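> Got a sequence here, can you model it:
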Amino acid sequence: MSDPQALKDSFAIVCEAGDEVSQYFYSYLFLIAPEVRPMFPVAMGAQRDRFVTALGRIVAEADDPDQLIPFLQQLGRDHRKFQVVAQHYEAAGQALLATLAYFLGDAWTPELQRGWTEAYALVARTMTQAAEEDSAVNPAWWNAQVVRHEQRGPDLAVLTLRPDKPMAYQAGQSVMVEAPMLPSTWRPYTPANAQRAEGTIEFHVRAVDGGLLSPALVYGLRKGEVLRLGAPVGNRLTLRASQGRDLVLIAGGTGLAPLRALVEEIAQHGPYRRVDLFVAARDKHGLYDLSALRQLAQVHPWLRVTPLVGAHAGAFDNRSLAGPVLHSGAGDERSFYICGSSAMVSATVRDLADAGIPDNLLHFEDAR
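Numbering: from 1, shown residues only. Next up is the predicted model:
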């Protein structure tokens, strides 16, 4: 991309307007291309957040094509579920340039406009090509029937789905999920299992206060109903990031799902390595999958499962879990995977880094 620093500097100025940026973008987009409005949910809050996050990452990696291109290719494959076509990319480009011009004001120079136009052309071209290549081997989405719905607590359910076509994914990747009662409302969930011969996928879902999809999945979904699944995305929590090291896995709540999938993938495909899995909960009822984890540990001597409950876990949803993990002796150049609430992940990563764990050994995503 031409002059990545100019893109970064101008985007930083635009971001000072906060939520107004995404609101302006989508208002402009729906005005010039009203046919795209049904692709999006009625409540746009989460979608606006995803737009700003994705755009921020694109700008941040503008001078690092080895990181940017794979990310854009994943976006292109994932956007197939919206049935995006070329003219939609053109409309989004118009809306983006109009948004930048509005918030930059006099700072929106012809040179900056040219730079952003070239940058967006690369983004659209990369996403479109990836979508076209993916369409030759995968559907735009998978229809997945609910074959089991287990209530594991007052606000938590474990769903087992059977997609209508094989879905290839790596343990630790996530997929977008849409339910029939909430069309166009997609949310990311991570399979709690490695790929199975029979093709079923397990999701762990906790109903979020004020959420849309999660309460519907926990309280309203029934066996036999069909969900839509988008293309698998993400690589931060896959085993590839560990480069074969021994592992320390730290889970809070349903953040257990991707970490259990990692354990299953090692059990199925190796190479075996020492794995410590810490599972935090407020009380024993929060250890909703402990029996299955202990069965895995009995079969595989390289796996050790440690529940952290009550005082040992602290308020696991908003405090660091680094203390009990490091106190147990886990460390020595192993890769750490942390998954749970945003606050827990941030605090745990911070404390692990303060304890001397290098950044390249810390792998995480938040908001589980």
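> For the stretch 201-350 of the chain, which residues score under the pLDDT cut-off?
Applying pLDDT under 70 to the stretch 201-350 of the chain flags the ranges 311-318, 330-332.
> how about 80 then?
For the stretch 201-350 of the chain, applying pLDDT under 80 flags the ranges 310-318, 327-332.
> any idea where the helices of it begin and end?
With DSSP state H, counting those that start in this stretch as the criterion, the stretch 201-350 of the chain has helices at 213-215, 256-269, 290-299, 322-327, 342-354.
> between those helices, which gets nearest to P110?
Closest to P110 of these is helix 342-354 (CB to CB; 40.3 Å). Where you see a C-beta, it was placed from the backbone N, CA and C, and this is true even at glycine.
> And the closest one, what's buried?
343-345, 347-349, 351-352 (16 or more other CB atoms under 10 Å).
> Who are the packing partners of that helix?
strand 247-252, helix 322-327, strand 335-339, strand 362-365 (3 or more CB pairs under 8 Å, 6 or more residues apart in numbering; DSSP states H and E).
> chain center to that helix, what's the gap?
For helix 342-354, the separation from the chain centroid amounts to 18 Å (computed by CA atoms, centre = their mean, to the nearest Å).
> Which residue ranges make up the domains of the protein?
Domain assignment for the chain by automatic domain parsing gives 4-135, 142-229, 239-365.
> Can you measure across the shortest one, start residue to end residue?
Using CA to CA, to the nearest Å, the span of domain 142-229 from its first residue to its last is 5 Å.
> Check the last one too.
In domain 239-365, first residue to last residue: 14 Å (CA to CA).
> Quick check: L212 vs R187, distance?
8 Å (CB to CB, to the nearest Å).
> which secondary structure elements does the helix or strand Y102 falls within contact?
Using DSSP states H and E, Y102 falls within helix 86-104. In terms of contacts (3+ CB pairs under 8 Å, 6+ apart), helix 86-104 is packed against helix 4-15, helix 20-32, helix 110-135.
> Which residues does stretch 113-125 contact?
Outside stretch 113-125, the residues within contact range by CB atoms under 8 Å, 6 or more residues apart in numbering are 1-3, 6-7, 10, 58, 62, 72, 89-90, 92-93, 96-97, 100-101.
> er, stretch 5-15 actually
For stretch 5-15, using CB under 8 Å, 6+ apart, the contacting residues are 1, 21, 52, 55-56, 59-60, 62-63, 99-100, 103-104, 107, 111-112, 115-116, 119.
> Show me just the buried residues among these.
Applying 16+ other CB under 10 Å to these flags 1, 21, 52, 55, 59, 62, 99-100, 103-104, 112, 115-116, 119 as buried.
> Tell me the one of these nearest L259?
V52 (27.9 Å).
> In terms of helix, strand or coil, where does the closest one fall?
Three-state call for V52 (DSSP: H, G, I helix; E, B strand; the rest coil): helix.
> Can you give me the distance of it to Q94?
V52 is 18 Å from Q94, by CB to CB.
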